[in-house]
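1. Generate a structure from the sequence data that follows.
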Amino acid sequence: MTAPAAPFVREKLIRFHHCDPAGIVFYPQYFILFNELVEDWFNAGLEMDFASFHTVERLGVPMAHVECDFLAPSKIGERLRLALSVKKIGTTSLTLAVDGSADGQPRVRAKLIVVLASLEQHRPVPISAAFRTKLSRFAP
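-> Purely as a prediction, here's the structure:
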């Protein structure tokens, strides 16, 4: 029996620009943090240069569907631990799970469905075998 895949983890400092006047993360900022997490995952986790993926290969991974639960407020100065794992690899899309916590307390949970898309035709394209192999390192 193989061990479950480890998630890709990044810690993000909650900065002033993430927060509303109450000093807590303004909820749309989580979507920016999720996108940064996906970019970091490509660069460091998948070892695929995210910029070249867009500019040279002309591929992108836009979010097609997002479900998000805001479990507790995150505050300025905290370090938000974001863990990303692959829940499903489809023909042209991926289902990603993101769990965010600070000081061991759950703060946000999201399900992201991203589509592998041609930036030329703005249409979904099949996930290649080589890309699928890289993705599977983060799937159960």
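
2. Give me the local confidence score for the closest residue to P106 other than its chain neighbours.
-> Take P106 and drop its neighbours on the chain: the residue closest to it by CB to CB, 6 or more residues apart in numbering is L71, 4.7 Å away. All C-beta atoms are positioned from the backbone trio N, CA, C, and that covers glycine. Per-residue confidence at L71 stands at 98 (pLDDT).

3. ok, L71 touching D99?
-> No - when contacts are counted by CB atoms under 8 Å, L71 is not listed as touching D99 (9.6 Å).

4. The two: which is more packed in?
-> For L71 versus D99, the count of surrounding residues by other CB atoms under 10 Å is larger for D99: 17 against 14.

5. thought that one was touching A83?
-> Yes - the criterion here is CB under 8 Å, and D99 meets it with A83 at 4.8 Å.

6. all strands of the protein, in order?
-> 8-13, 59-60, 63-70, 79-89, 93-102, 105-115, 117-118 (DSSP state E).

7. which one of these is the most hemmed in?
-> strand 93-102 (a mean of 21; mean count of other CB atoms under 10 Å).

8. ok, and the closest non-adjacent residue to the spatially most central residue of the chain?
-> Ranked by distance to the mean C-alpha position of the chain (CA atoms, centre = their mean), the top residue is V38 at 3.6 Å. Closest residue to V38 in three dimensions, ignoring its sequence neighbours and counting by CB to CB, 6+ apart: V61, at 6.6 Å.
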